[in-house]
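> the sequence and its predicted three-dimensional model are supplied below.
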Amino acid sequence: MGLKRFLRKNASNKQDPLFQLVKSITGFSPVDLSLYRRVFTHTSMEKTNAKGQKINYERLEFLGDAVLNTIVAAHLFESLPQNNEGSLTLMRSKIVRRDFLNKVGKQLSLIDQLSSNVPIKNYSQNVHGNLFEALVGALYIDLGFERCSQFVFDKMIHPFVDLEKLEFMVLSYKSLLVDWFQKKRMKYAFDVALDNGAEHTNHYKAKLLIDGKVVAKARAKNKKRAVEKVAKRTYFKFQDNIKSIQDKH
């Protein structure tokens, strides 16, 4: 885009309310507002362009996910020179995990700008993180990697990412326990069963057995949560033993 054309387009954009909205959220003046209209368009709107291509945030979300992973990876590479590849990968997964991105998207109130035919109460919590990723993708295309990175640092990394705390964060107690069981060559089994009782919604009870003996029980609304819950309870029972094994590796 030539300089004169860029200036004309940028000047005309300033009259659009979306220009000021995007600038207030990102800190940068957008150029191609059509990208940000896509960011704030839900699939339920069923919009298409002249070529019949769908207009919504999903493709930008896909791109933003990849760009975000690159920005976070570069940050960790520079900030943690002593960490090996496996440790860096784990740290990145702690930062770009879905509930964390949902938190950032919610903080930016992105859902308030979303055009949709779906009532807000019916949205999954993941829509907050999806919109944040889509916005990252739009910024990357519109303004380039440098300013996109600055946005991620300003709105996510600086206010929310504490590397020291993340070092000790457990993403999956089940995975941690299974690793411990395998190193110790222990026989274990997760036992999960439906347990509704008098309730109208499904609940599941989970038991963890070590060498045939039940060491912990838990209950939750789905199987995955029940297993993770019982794994967490087991972890805290054997925490000192597990840490002593981890320290040796």
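On my side now, so go ahead. Just so you know, these numbers come straight off a predicted model, no measurement behind them.
> and the helices in this structure, which stretches?
3-13, 17-26, 33-39, 58-79, 85-95, 98-107, 126-143, 145-152, 158-160, 163-167, 173-184, 223-237, 239-247 (DSSP state H).
> could I get those helices in TSV, plus columns for mean pLDDT, distance to Lys47 and mean neighbour count?
The C-beta positions use only the backbone N, C-alpha and C, and glycine is treated the same way. Putting the helices of the chain into TSV (pLDDT from 0 to 100; distance: least, Cβ to Cβ, whole Å; neighbours: other Cβ atoms under 10 Å) gives the following:
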stretch	mean pLDDT	distance to Lys47	mean neighbour count
helix 3-13	54	20	11
helix 17-26	95	15	16
helix 33-39	95	9	20
helix 58-79	97	12	17
helix 85-95	91	32	15
helix 98-107	95	21	17
helix 126-143	97	14	24
helix 145-152	98	25	18
helix 158-160	94	32	10
helix 163-167	87	39	12
helix 173-184	86	41	16
helix 223-237	89	34	18
helix 239-247	63	51	11
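> in a markdown table, list those helices along with distance to Val214.
Output for the helices of the chain, formatted as a markdown table (distance: least, Cβ to Cβ, whole Å):
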| stretch | distance to Val214 |
| --- | --- |
| helix 3-13 | 64 |
| helix 17-26 | 51 |
| helix 33-39 | 49 |
| helix 58-79 | 40 |
| helix 85-95 | 30 |
| helix 98-107 | 30 |
| helix 126-143 | 34 |
| helix 145-152 | 46 |
| helix 158-160 | 39 |
| helix 163-167 | 32 |
| helix 173-184 | 15 |
| helix 223-237 | 10 |
| helix 239-247 | 18 |
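> what's the distance between the closest residue to Ala138 other than its chain neighbours and Ile95?
Nearest non-adjacent residue to Ala138, counting by Cβ to Cβ, 6 or more residues apart in numbering: Leu35, 4.1 Å away. As judged by Cβ to Cβ, to the nearest Å, Leu35 and Ile95 stand 25 Å apart.
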